[in-house]
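A.B. asks: I need the structure of the sequence given here:
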Amino acid sequence: MKKIVVATHGHLANGVKSLLEILGANTEQVEWINAYIDGESIETSIETIFQELNENDELIVFTDLYGGSVNQKFVKYANLENVFLIAGFNIPVILEILYLTEPLTANRIEAVIESCRLGLKLVVPDRIKNQNGTQTELNFFE
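C.D. replies: Prediction:
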């Protein structure tokens with residue numbers, strides 16, 4: 001079974017949860033960790049996640065900052081089989097991983113990350129051109 005954890009500093013994880021629910025995503029298999037806000041130990045939350053992990057489960061952990069304290073708490077588990085740690089996520093990468101039906105591999109996840117990274121764009125209306133190279137209305141999908 002695929003399990004997902006979104007672990008962040010502050011309330012960001014709950015914000016991601018809210019957005020995914022608005023988009024209609026099924027988040028039943030997602031665990032949300034909002035670190036350092038309620039006095040609950042992040043270590044306790046992480047230990048519970050790994051204690052409940054079954055041998056055949058795939059676990060994908062998204063953290064907000066590469067090298068940040070939340071990310072560092074998960075690093076010691078990143079070498080476990082079927083555990084994948086992704087730092088510095090965006091919404092498209094979470095959605096794509098959430099809806100993948102094929103078994104996960106490091107290569108497949110890297111391809112998803114690269115594909116979703118391409119969706120990060122500086123939007124400058126004066127530079128938006130259609131396929132003919134002429135200025136167009138703000139139609140991003142031409």
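
A.B. asks: so where's this protein shaky on pLDDT?
C.D. replies: Counting by pLDDT under 70, the ranges of the chain that qualify are 126-142.

A.B. asks: What segments of it are helices?
C.D. replies: Assigned helices in the chain, in chain order: 12-22, 42-51, 69-75, 91-99, 106-117 (criterion: DSSP state H).

A.B. asks: Would you mind giving those helices as CSV with mean neighbour count and distance to V6 added?
C.D. replies: C-beta: built from backbone N, CA, C; applies to glycine. Compiled in CSV, those are given as follows (neighbours: other Cβ atoms under 10 Å; distance: least, Cβ to Cβ, whole Å):
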stretch, mean neighbour count, distance to V6
helix 12-22, 16, 5
helix 42-51, 14, 12
helix 69-75, 18, 10
helix 91-99, 17, 7
helix 106-117, 13, 15
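
A.B. asks: is it possible to export these to a markdown table including distance to K3?
C.D. replies: Listed next are these as a markdown table, based on distance: least, Cβ to Cβ, whole Å:
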| stretch | distance to K3 |
| --- | --- |
| helix 12-22 | 15 |
| helix 42-51 | 8 |
| helix 69-75 | 13 |
| helix 91-99 | 11 |
| helix 106-117 | 14 |
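
A.B. asks: is W32 in a bridge, and if so with what?
C.D. replies: Going by DSSP bridges, W32 is paired in beta bridges with V6.

A.B. asks: distance of it from R108?
C.D. replies: Noted for W32: a distance of 24 Å to R108, by Cβ to Cβ, to the nearest Å.

A.B. asks: if we can go back for a sec, tell me which of the helices of the chain sits nearest to E81.
C.D. replies: Ranking the helices of the chain by their distance to E81 (criterion: Cβ to Cβ) puts helix 106-117 first, at 11.1 Å.

A.B. asks: now that closest one and helix 91-99, what's the angle there?
C.D. replies: For helix 106-117 against helix 91-99, the angle by axes from the mean of the first three to the mean of the last three Cα atoms, to 10 degrees is 140 degrees.

A.B. asks: Please name every helix or strand in contact with helix 106-117.
C.D. replies: Packed against helix 106-117 by the contact rule (3 or more Cβ pairs under 8 Å, 6 or more residues apart in numbering; DSSP states H and E) you find strand 83-87, helix 91-99.
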